[in-house]
Each structure stands twice: as C-alpha cells, then as structure tokens.
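Colleague: I'd like to go over a predicted model; first the sequence, then the structure.
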Amino acid sequence: MPDTRKFNSVPNIAAPNIAANVAGIQSPNPFWLASAPPTNCGEQIMRAFDAGWGGAVWKTIGEPIVNVSSRYSSIDWNGQRMMGLNNIELISDRPIEVNLREIAQVKKLYPKNAVIASLMVESTREAWHAIVKQSEDAGADGLELNFGCPHGMSERGMGSAVGQVPEYAEMITSWVKEVASTPVLVKLTPNITDIRAVARAAKRGGADGLSAINTINSITGIDLDTFVPRPNVDGASSHGGYCGPAVKPIALNLVQQVMSDPASMLPLSGIGGIGTWRDAAEFLLLGCSSVQVCTAAMHFGYRIVEDMIDGLQNWMSEKGFATIEDFRGLSLPRVNEWKHLNLNYKIVAHIHEDKCIGCDLCYTACWDGAHQCIHLDRVSGPVDGHVEVHSKPPDVVARSRAEITVTPIPKLDHLDRSQRLPNATPLARIPRVDETECVGCNLCSLVCPVEECITMERIDLGLPPQSWEQRTASQATAAVTNVGAD
Ligand SMILES: Cc1cc2nc3c(=O)[nH]c(=O)nc-3n(C[C@H](O)[C@H](O)[C@H](O)COP(=O)(O)O)c2cc1C
Ligand code: SF4
Ligand code: SF4
C-alpha cells in the first residue's frame, strides 16, 4: 500500500540547502537554463548567473550552421500567449572556437556555477573525440549529448536521427566516454515510441546521466489565408520542435518512465514546460536532480529564477526538507500500474451551494460528457416523500418550468417560506448531484469556474482495498469453487 500521508508543515528549517548534483555536476541550485537561445553566448550566461541561475547548458555547439528566418510559432490559449512554442531553429550558428573561448571566460568568472557544453557533430568517432576534448579543455563542467533535435539536423543524420536508434545512441555515447573526463549526460528525444529504449542504450554506452526531454515534433497551425503552416519561410514551412507549458505533462510522464525503469535509471535533469518553482518541485519529486528551463526564460526573462528559488526554499521549509535529496523521487512509488489501483476507492462530487454561481457548466458536462447525474431540479430532501434520482433532461426541463416560480433561492434556503422572494432567480439553477449515479470522474469539478465550488468527497464503502488483479484472481477462484460444487 502506498503511504498516503501528506507531508505537513514542519516549520523547523531556516534556509534549506538547494545545491544540486547531477552525476557529479555541481551547482548552487537545481535551476539550469536549457540549451537554447537563452544560452547562446557568454555574455547572456553571465547575466543569467547574476540573476541566480545555478547552471547553463550552452546552446548546442557543432559545425557552422545556417538558420532560416522566420523560426518560431506558438499556440495561444485562453488569453495566455505562448502556451506552446514551436521552433525550426538549428544548433548554434556561432563558430565553435568562439563558443569555446566564451565557455572558458564564463568558467573563470563563475567557477561555482555549472557550465555544460551541449554537443552535436557528425556521427564519426573522430568528430566526437575532437569536440569532447575541446569542450573539456575550455573548462566545461560536463557534456550534454544532443540526440534530440527533431528538425534539420536529423535530416543530416544527427540529433533525433541518433536519439531514435538505440544502437547509434549507445555507440556515440561510448565514443564520447572513451575520451571524456567530465560527466556525460545524454539528452533524450520524446519523438520515439518508448523513451526507455534509448535511455537504456545510453546507460549501456556508459552515460553518467540523462536529460529529458528535447522538443516534440509538431506543426502548430496553418494560416487560413495563405494556407502556409507556421512559421512561414517564404511560402513554406517545416515540422518543428514543440515546448513550453503545453508539454509539461508529456515530459513528466517520460521522466517517470525513465526513472522507474532500473535499466534506464540514471541521474536525470528534467526539462519540459518548467516555468515556476511548483513545476520544478514536481520534476524533482519524480526523481530529477536538476531542472532545465527554456521557453519560460524566453518568455519572461532570466529574473523568473528569483521566484523559483524563493518558492522552492519556502516550500521545502514548510515541508521540513533540508536538502533536495530529502524529497527527490518521493512521488515515484505513487505512480502505479492501473491494475494495482484500488477499485473500492469511491469519490463523488459535492457542490458547495454557497459558492455556486449557477452557470450550469457542470450540468452540461455531466449530461453530455459523463454519467447524467447532475440535475437542475434541485431538492434538498424528500419531496412528497420521494427523492428523484433518475431524471432525464426533458423531465428536468418540464419540471423546472413548472417550478420556476416556486423554486426557492438556494442561498436563501435557510429563510422560512414566508420570507422568500416571490420569483425565482438564476440562482435557482444551482444543481444537485445524484450521488448514487456519480462515478467520481472529476469532470464537473474540472469545468466548474469557481475554485473549491465542487469538491470530490470520499464515500466509505466499508470494503477493504481491492485491485483489478486481486478482483480477477478472487473471481477465478470463485469460478473454480463453483465448478467443483457442481
Ligand atoms: C528556439 C529553441 C532552440 C532550441 N535549441 C536547442 C539546442 O540547440 N539544443 C538542444 O539540446 N535543445 C534545444 N532546444 C530545446 C530546449 O533545450 C528544451 O529541451 C525544450 O525547449 C523544452 O524545454 P521548455 O519547455 O522549457 O522550453 C531549443 C528550444 C527552443 C525553443
Ligand atoms: S459549474 Fe460550478 S458554478 Fe457552475 S453551476 Fe456547476 S457548481 Fe455551480
Ligand atoms: S464526478 Fe463525473 S459523474 Fe460525478 S457528477 Fe461530476 S461529472 Fe457527473
């Protein structure tokens, strides 16, 4: 049985130590900038370190690259700009020597911050040996192998073309390990059926750690006037890499898969949609040793790290965690296979009438998207000795019409009948839940626009926990017993 205790406030830690260690790469905090435009050059990374970032993965260094213009497009959602960002940018378009010279400068001035060189070169042993040596000579604290870039480079046999073939990933990792003296992280692509296949290959190749995820293949949208997908490069486009808040659930899932697989598990730097300390805490709870941020820094600037540090430290103090290791991975055992979940756990929706605004979104969602157990013919007890539990929409509409002038205003239910207003108001539309039919799917609580207006309450069925496996096993035993009885 998983431990269902909550970690409650233990106000005993003054300033938790948030220093991070990823496979031997040390940084004063777990917040690293991911390899991307925010880590394009030394001047930027030094400003980022001044703002508080613990580490930076340099924008991928490789052979001279030419980029297109334009490069980015995005998805806006409900007033929020850039919920998801898409790019068709390639690796650094600055000469390798310039990047190396600047790595050396940054390391000299910021010895305590982690500087990781992200690398991608053609798939030959010589090319990899050369770039590893150059990066380490420049002073990089570690290396991140970019086996994830999904566009442009993959067409030339690099990036995700390597990360999608476990044999290539293993081979190149082992080439790097032949000469590397600093920790080697392999950055994984999500554009693969089973991310564990490449994580295992990287581990076999000798990787010291992993980073996940790189961007997800996407087409963000199409201009309905020109018919050209975005971003438009002179009348055409290409598939690009998706990132930002929209990808966080996918990233968390892939991180969990890797971290719960003994054959893949290595120290891991989590990436994908991280923009707040809460996001970061979630990745750390799934076993990450540091987190990397790209889109949020591109959107809001380096200073977001101040809130991330404060927030994480405050949360750790509240929970009584002195270091990241105190809570790292605590959520991993809570992710289970479906067949192990308790079938006798039952929750039902409860509508808090004092908060309800009568919008009826829950009613519509439950009727069309769930199990038809939210009703508008609100009754707070037996009516004529009978509680209606199986109304269908036409019945409800008919009854509501008949009752509209007499239905009490729920917020004034406590008043006696003589004090009630003569006519019903929209508040009379406050719905009720038929708990006997509610399956506890959560949908109504998810669509309700008012916080804490619909809560999911546990019903005690008086039954011991029972998983699918246990239930089918007991049914099989019963069947055998019955056959025996015949
Ligand atoms: C414009 C842009 C350029 C990127 N360039 C690189 C790169 O050169 N190397 C790399 O490993 N990842 C690159 N990435 C991927 C990021 O490092 C990161 O894995 C991804 O954006 C997910 O993190 P996020 O959701 O915080 O943005 C790039 C991302 C963007 C948006
Ligand atoms: S969605 Fe929430 S606010 Fe709207 S009617 Fe249902 S309970 Fe009330
Ligand atoms: S939890 Fe699901 S089934 Fe229950 S009332 Fe809400 S929407 Fe309907």
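Modeller: Done, it's in. Ligands and ions are numbered 1, 2, ... in the order given.
Colleague: Enumerate the positions of the helix ranked longest in the chain that are buried.
Modeller: With DSSP state H setting the assignment, residue counts place helix 468-485 as the longest helix in the chain. Of the residues in helix 468-485, those scored as buried under the neighbour-count criterion (16 or more other Cβ atoms under 10 Å) are Gln470. Heads up, the C-betas are built off the backbone N, CA and C, glycines and all.
Colleague: what does stretch 216-225 give?
Modeller: Of all the residues in stretch 216-225, those buried under the rule 16+ other Cβ under 10 Å are Ile216, Asn217, Ser218, Thr220.
Colleague: what's the answer for stretch 263-272, then?
Modeller: By neighbour count with 16+ other Cβ under 10 Å, stretch 263-272 contains the buried residues Ser264, Met265, Leu266, Pro267, Leu268, Ser269, Gly270, Ile271, Gly272.
Colleague: And the residue nearest to Ser237 when sequence neighbours are not counted, how far from Ala246?
Modeller: Excluding its sequence neighbours, the residue lying closest to Ser237 (Cβ to Cβ, 6 or more residues apart in numbering) is Pro229, at 3.9 Å. Going from Pro229 to Ala246 by Cβ to Cβ, to the nearest Å gives 17 Å.
Colleague: Any idea how far apart the tips of stretch 223-230 sit?
Modeller: The first and final residues of stretch 223-230 sit 7 Å from each other (Cα to Cα, to the nearest Å).
Colleague: roughly how far is it from the heart of the chain?
Modeller: Centroid displacement of stretch 223-230 relative to its chain, using Cα atoms, centre = their mean, to the nearest Å, is 30 Å.
Colleague: Over to stretch 248-264?
Modeller: Centroid separation between stretch 248-264 and its chain, computed with Cα atoms, centre = their mean, is 11 Å.
Colleague: Equivalent analysis for stretch 445-458, please.
Modeller: Here stretch 445-458 is found 22 Å from its chain centre; the criterion is Cα atoms, centre = their mean.
Colleague: neighbours around the residue lying closest to Gly272 once chain neighbours are set aside, how many?
Modeller: Leaving aside its sequence neighbours, Gly272 sits nearest to Ala251 (Cβ to Cβ, 6+ apart; 2.5 Å). The local packing count at Ala251 equals 24, with neighbours defined by other Cβ atoms under 10 Å.
Colleague: Remind me which helix or strand Ala251 belongs to.
Modeller: In this structure, Ala251 is located in helix 248-259 according to DSSP states H and E.
Colleague: now for the helix or strand following that helix, which elements pack on it?
Modeller: Proceeding C-terminally, helix 248-259 gives way to strand 268-271 as the next helix or strand, assigned by DSSP H and E. In terms of contacts (3 or more Cβ pairs under 8 Å, 6 or more residues apart in numbering; DSSP states H and E), strand 268-271 is packed against strand 209-212, helix 248-259, strand 290-293.
Colleague: Stretch 232-244 close to ligand 1?
Modeller: Yes: judged by Cβ under 6 Å from any ligand atom, stretch 232-244 and ligand 1 are in contact via Cys243, Gly244.
Colleague: got the CA positions of that stretch in CSV?
Modeller: These are the backbone C-alpha positions of stretch 232-244, laid out as CSV (Å, rounded to 0.1, in the frame of the first residue of the first chain):
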residue,chain,number,x,y,z
ASN,A,232,6.2,30.8,-42.8
VAL,A,233,9.6,30.8,-44.5
ASP,A,234,8.9,32.3,-47.9
GLY,A,235,5.7,30.4,-48.5
ALA,A,236,6.6,27.1,-46.9
SER,A,237,7.2,25.6,-43.5
SER,A,238,8.6,22.6,-41.8
HIS,A,239,7.8,20.4,-38.8
GLY,A,240,9.4,21.9,-35.7
GLY,A,241,10.0,21.2,-32.0
TYR,A,242,7.3,21.9,-29.5
CYS,A,243,8.0,23.0,-26.0
GLY,A,244,6.6,25.3,-23.2
